[in-house]
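Visitor: I need the structure of the sequence given here:
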Amino acid sequence: GKTSLMRCITGLWKADRGTLWLDGDALGPLERSLRMVMGVVFQEPSLDNRLSAIDNLLLVAKLFGIGSREARRRAGDLLEFMELGDRAKDKTATFSGGMRRRLELARALIHNPQVLLLDEPTVGLDPAALDRTWQRILAIRDMQGLSVLVSTNRAEEASRCDRLIVMDR
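Guide: Numbering: from 1, shown residues only. Down below sits the predicted model:
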């Protein structure tokens, strides 16, 4: 149910009913204005492992219409923030699971979204990597005034949230 809801919010699936609101405005399915202000980290990995870390970020920046110079600046800043700066030119196929998750988070932030959707963002991470990932998520939230929507089965992740919704059936 949680991943299905995330797919509806992101426009990958059409919802049967309900209305999504953003800043007081009702949004229709697949509305471009929503996609422009939303960064998403899906449960399933979605990096191109044939590309380097920086090329994964630059590709998404180009899709959002960010100019080359600005895209390189943002990508460099995000890679440093995620402690991946020294691996910028390495293919992501050589990265550990934790490194890939951090890169996916950086990729979701390259266009400075207002809303960040995270579907099971720490699945497969060891406890230390989970904690570091959450430190980054909370730091980004506080620095950028970002709204973060997280789906999780982990009580320790839910306890870091300001508000909770429990889905049952």
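Visitor: contact partners of stretch 46-54?
Guide: Taking C-beta atoms under 8 Å, 6 or more residues apart in numbering as the criterion, the residues outside stretch 46-54 that touch it are 55-56, 59, 72, 75-76, 79, 84, 87-93, 95, 100, 103-104, 107. Using the backbone N, CA and C atoms, a C-beta is placed for each residue, glycine as well.
Visitor: Filter these down to the buried ones.
Guide: Among the contacts of stretch 46-54, those that count as buried by neighbour count (16 or more other C-beta atoms under 10 Å) are 55-56, 75, 79, 84, 87-88, 91-92, 95, 100, 103-104, 107.
Visitor: which one of these sits closest to residue 25?
Guide: Comparing the buried ones among the contacts of stretch 46-54 against residue 25 with C-beta to C-beta places residue 107 closest, at 26.6 Å.
Visitor: so when I look at the closest one, I'm seeing a helix, right?
Guide: Yes - in this structure, residue 107 lies within a helix as judged by DSSP: H, G, I helix; E, B strand; the rest coil.
Visitor: what about the residue nearest to it when sequence neighbours are not counted, which helix or strand?
Guide: Distances taken as C-beta to C-beta, 6 or more residues apart in numbering place residue 60 nearest to residue 107, at 5.2 Å, with adjacent residues excluded. With secondary structure defined by DSSP states H and E, residue 60 is part of helix 53-63.
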